[in-house]
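**Student:** what's the 3D shape of this:
(chains A and B)
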Amino acid sequence: MSAPETNGDVLVATGIRKEFGGLIAVNDVDFTVPRGKVISLIGPNGAGKTTFFNMLTGVYKPTAGTVTFLGEDVTGKPPHAITARGIGRTFQNIRLFQNMTALENVLVGMHARLKANLFNSILRTPFVRREEESARERARELLEYTGLRRKQYEYAKNLPYGDQRRLEVARALATEPQLLLLDEPTAGMNPQESAEFTSFVGHLREERGLTVLMIEHDMRVVMGVSDRVSVLDYGEKIAEGSPREVQQHERVIEAYLGKAAVEDMKRQGLS
Amino acid sequence: MSQQHPPLESPIEQWGDDAPKDVGFRNQLRARWRALPETQRIGIVAGVELLVAIGLFRLDHSLGYAVLTVSLLLWMRRLPPIPWKLAAQAAMVVVFLAFGVTSLAALLAIFFAVFWVPVRYRQWTMAGVALLVTVFYPFYASKMFTIPVFGVWPDVATGVYMLVFIMMAVGLNIVVGYAGLLDLGYVAFYAIGAYTAAWFSSLQFANHRWHFGAVGITKDLAGIHVSIWILLLAAGMITALSGIIIGLPTLRLRGDYLAIVTLGFGEILPQIARNGDNLFGTGFNLTNGPNGITPLDSPGFGSGVSNATGHFLPANYLVCCHTTLLGHQIQSTDVFFWTAVVLLLITVFCSLRLQYSRLGRAWIAIREDETAAAAMGVPLMRTKTWAYASGAFFGGVAGAYYASFKSATFPGDFFFNISVFILCMVILGGMGNIAGVIVGAAFLAYLNQEGLANTGQWLNTNIHFIGHLHLPGSDQPGLDVPLFASGIYGLIILIVMLFRPEGLLPSRRIAAELHEGVHDAPLYDAQHAGTEA
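**Tutor:** Residues are numbered from 1 along each chain as shown, chains lettered A, B, ... in the order given. Below you'll find the predicted structure:
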């Protein structure tokens, strides 16, 4: 583990901005993720949450602003380099390697942590053999941890939906991240599965010392596990604070329910 | 997705199992057929087979026998293994022995024996038997039976040609089958390999004189002459290097765009070869232009190594060999053949090792979903470039070896059609699966070298109206089948794509992809990507 930032923030994004032609998807957002916390990013559809994620992970290059991870400027670095530095992610619409087995999916996740190259792979040197063996062992442990051990030889596409979500997390964990980005991890889950997932995220933080940043729509999950909630609307950060504070924040209610609803609530003395 | 309105963009799905069962003429016919009692079905099939066999027997006796043999083989699958299947197989072998077709009897015996091996060991047994059958090919090639329509078995020189093309197909398979990069300019690597061999083992650079390990030349011969074994390696490395140089700017492109750029590259290199006798107008003769470079030094190990190994490794391939083994006078072509087998084995070995390595997994991951692969820490450019370079390496080695075998290299050997030809081999056999690629490549290479000519001959002698056809522009009656080669390969690929898009022996993964599709929406394009939030 590299030395933590002075003020204990794993990730600092300053003035980050993304324009698609004339559309400003993310507008000068400042954002910090403190070490060992679970941060949720919420906001209405089209608020720019996934675009923000994609800039943190290098899929998009920010139009302006900088992203600093563990004290190092990673703005505009390619995705694999950012993954190698310790940011793991899952996707909103599951993007597993469909025609690879669960085990192979996790092994691809370890790519950046393995050292075998073209030449010693052909010769299969003792080093490569040992590395491959221990990688498989670790992959099985991760599958065990996510409850997929018995399905290690199943093709990803044949797994039920919930298991595919778990496999995505297992694959992201295989990159040995310090910061885990989850993009709508409970989308499509029933309340029971969501509750299980909430406690799973808690375990991740406690047992693995992971920092988690997640986009989430399910308020029960958000309120249940987050240390801090940030709200994006029209590409701007409109509120930030503890789950309770954000819940009562006027602009948040406005963003979700509209201005009329807020005035209505005010008239009725609710807020 | 409603069953009545299958989506237009995926025609394969329409013909899948979820197609409505009772709609359409074909499905109705199929349902009626299934409704027949089994005895009737067996009777009809057997009857049709017998009729076809008799009809073809009147055309060409051996073809009738062949159809009969194949249908018997198919029926034998239904017999209980012990004792009936065993007895039937033994009977078949004995019948052929009795009729004096010893070679066919032996072939069938080997074929049957392999299928009695327990499933667990079958794959390895098959590979081993295939290797043995190949290695001993020069000993029995001339004694083989005549195949109906296709004629005699390919001679050993054709065997070398087939092995070289199999090697290239296995190399291209790394690029196309594993990493999913469509390369339409593979011939360029073949050309670079061939010219590398030619430059350093001929009189091309006659104002230099540098000898290093080359055999069969006099001491004061002009030109650069390097041992073929060093050249093979050097050709591979130079080709891999050029693969990297071309790959770095082009591999950023996706799918069709990459195909177009590689196509251009495959067009440029032969033109350079053709016009390289006056390179860029400088008067420097690099490639000797359309005349090509010929002759090349003969391969060989030199008398030192040859004596040390008790003449097992020949000193000079061209003046080889004066030994008789198993009643067969060993020719120099045989030695070329065995060397090609060794080179192919090395290629297959490397290819297999890579497939199940960290890099191989990354290639497949990129083929499946580039964005996800990058997010999991796979460096796209580097990984793709490695695929390109390793594919190029084997193409280069194959090219160098083939040039050395032909003792010549001409710019006309490296046209676009060769790229497509090699790609066809990969597609026909089954992308991603080495056994499939080998089978596909062997078949197409054979067709190109001997098969089409033999088939044409058969057509012209046995089918009256083809034999007396008078086509405009030809002064002889009959059909010159090899002229239609490209059309025939196109037809083969068309049929394969329609009925078995995954190839003859597919890899399980690719078969699944072709039938269900992969989602690989481009996302890794910072500037033009759409909004998603």
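**Student:** look up the closest residue to the closest residue to chain B within the stretch 151-271 of chain A, ignoring the ones flanking it.
**Tutor:** Minimum separation of the stretch 151-271 of chain A from chain B (C-beta to the nearest C-beta) falls at A:T175, amounting to 5.4 Å. All C-beta atoms are positioned from the backbone trio N, CA, C, and that covers glycine. For A:T175, ignoring the flanking residues on the chain, the nearest one in space by C-beta to C-beta, 6 or more residues apart in numbering or on different chains is A:G88 at 4.3 Å.
**Student:** B:W116 versus that neighbour, what's the distance?
**Tutor:** If you measure A:G88 against B:W116 using C-beta to C-beta, to the nearest Å, the figure is 51 Å.
**Student:** in stretch B:143-151, what's buried?
**Tutor:** Residues B:144-145, B:147-151 are the ones in stretch B:143-151 that count as buried (16 or more other C-beta atoms under 10 Å in any protein chain shown).
**Student:** no, scratch that, I was asking about stretch B:115-132
**Tutor:** Neighbour-count burial for stretch B:115-132, counted by 16+ other C-beta under 10 Å, picks out B:T125.
**Student:** check the offset of that stretch from the chain's centre.
**Tutor:** 21 Å (C-alpha atoms, centre = their mean, to the nearest Å).
**Student:** next one: stretch B:364-382
**Tutor:** Worked out by C-alpha atoms, centre = their mean, stretch B:364-382 lies 28 Å from the chain centre.
**Student:** which neighbouring elements make contact with the host helix or strand of A:L107?
**Tutor:** Of the helices and strands defined by DSSP states H and E, A:L107 is found in helix A:102-109. With contacts defined as 3 or more C-beta pairs under 8 Å, 6 or more residues apart in numbering or on different chains; DSSP states H and E, the packing partners of helix A:102-109 are helix A:126-145, helix A:161-174, helix B:358-368.
**Student:** which SS class is the residue nearest to A:T175?
**Tutor:** Applying DSSP: H, G, I helix; E, B strand; the rest coil to A:G88 yields a three-state assignment of strand.
**Student:** tell me what it is bridged to.
**Tutor:** In this structure, A:G88 has the following beta-bridge partners (DSSP bridges): A:L180.
**Student:** what number of residues lie near B:P249?
**Tutor:** Residue neighbour count, defined by other C-beta atoms under 10 Å in any protein chain shown, stands at 9 for B:P249.
**Student:** and it, that one's in a helix?
**Tutor:** Yes: for B:P249, which was evaluated using three-state DSSP, the result is membership in a helix.
**Student:** how near is it to chain A?
**Tutor:** Shown here: B:P249 relative to chain A, a distance of 16 Å by C-beta to the nearest C-beta, to the nearest Å.
**Student:** how much space between that residue and A:E72?
**Tutor:** As judged by C-beta to C-beta, B:P249 and A:E72 stand 29 Å apart.
**Student:** and for A:E207?
**Tutor:** 26 Å.
**Student:** tell me the SS of the residue in the stretch 101-250 of chain A that chain B sits nearest to?
**Tutor:** Among the residues of the stretch 101-250 of chain A, A:A112 lies closest to chain B, at 3.1 Å counting by C-beta to the nearest C-beta. Secondary structure of A:A112, reduced to three states by three-state DSSP: helix.
**Student:** nearest residue to it other than its sequence neighbours?
**Tutor:** B:G377 (3.1 Å).
**Student:** same check, this time on B:F301
**Tutor:** B:L313 (4.3 Å).
**Student:** is it fair to say the one you found lies in a strand?
**Tutor:** No: under three-state DSSP, B:L313 falls outside any strand and is assigned coil.
**Student:** next up, the contacts around the closest residue to A:N27 other than its chain neighbours.
**Tutor:** Nearest-residue entry for A:N27: A:G235, 4.1 Å, with adjacent residues in sequence omitted and distances by C-beta to C-beta, 6+ apart. For A:G235, the set of contacting residues under the criterion of C-beta atoms under 8 Å, 6 or more residues apart in numbering or on different chains consists of A:18, A:24-27, A:29, A:47-48, A:51.
**Student:** is it possible to mark the buried ones in those residues?
**Tutor:** In those, burial by neighbour count holds for A:18, A:24-27, A:29, A:47-48, A:51, counting by 16+ other C-beta under 10 Å.
**Student:** was I right to think A:V29 contacts A:I16?
**Tutor:** Yes: the pair A:V29 / A:I16 is scored as a contact, 5.2 Å apart, by C-beta atoms under 8 Å.
**Student:** so what sits against both of these two?
**Tutor:** Taking C-beta under 8 Å, 6+ apart as the contact definition, A:V29 and A:I16 share the neighbouring residues A:52, A:65.
**Student:** got any ranges where chain A has weak pLDDT?
**Tutor:** Counting by pLDDT under 70, the ranges of chain A that qualify are A:1-7, A:270-271.
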